[in-house]
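>>> take this sequence and fold it.
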Amino acid sequence: MPLVATMGKDSRLTFRRRHSYNTTSNVTRAIKTPGGKLAVQYTKKKGTVGKCGDCGCKLRGIKALRPTTNKYVPKRNKRVSRAYGGARCGTCVRQRIVRAFLIEEQKIVKRVLHDQQKKDKSK
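I've put the predicted structure just below:
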């Protein structure tokens with residue numbers, strides 16, 4: 001007994017593979033061939049866009065691909081031309097830069113205060 005793939009209201013089609021469960025890897029479409037026959041076409045799973053490592057938001061400017069196809073895509077589709085491009089979003093990169101700048105400024109202020117205290121003690 002062949003397993004019937006229910007494509008909406010059309011039950012004239014059967015699965016072409018032995019896998020009969022309604023899973024994401026077994027999604028099908030009913031298509032008409034050039035010969036006029038109804039056939040089952042297996043759809044591929046949708047790819048996901050990369051996520052930011054800090055905040056978890058979707059990265060803009062990066063293609064949504066499956067891992068196997070992502071391997072053969074050129075580098076320009078996988079990242080953005082910026083520091084941490086393809087790994088962190090723009091806002092998180094901006095925060096990192098500002099944080100690093102403020103930490104350096106704080107170190108300078110601390111050093112200046114330390115030098116002033118040394119001068120006051122020596123007088």
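>>> how near is the residue most central in space within the chain to residue 95?
The residue lying closest to the centre of the chain (CA atoms, centre = their mean) is residue 50, at 1.2 Å. Residue 50 sits at a distance of 19 Å from residue 95 (criterion: CB to CB, to the nearest Å). All C-beta atoms are positioned from the backbone trio N, CA, C, and that covers glycine.
>>> and the nearest residue to the residue nearest to the centre of the chain once chain neighbours are set aside, how many neighbours?
In space, and not counting its chain neighbours, residue 50 is closest to residue 59: 4.6 Å by CB to CB, 6 or more residues apart in numbering. Residue 59: 19 surrounding residues under other CB atoms under 10 Å.
>>> residue 59 contacts residue 82, doesn't it?
No. Look at residue 59 against residue 82 with CB atoms under 8 Å: they stay out of range, at 11.0 Å.
>>> mind checking the SS state of residue 116?
Assigned with DSSP: H, G, I helix; E, B strand; the rest coil, residue 116 falls in the helix class.
>>> what sits against residue 86?
With contact taken as CB atoms under 8 Å, 6 or more residues apart in numbering, residue 86 is in contact with 50, 59, 62, 78, 79, 80.
>>> one step back: measure the residue nearest to residue 50 to residue 11 for me?
For residue 59, the distance to residue 11 - CB to CB - is 42 Å.
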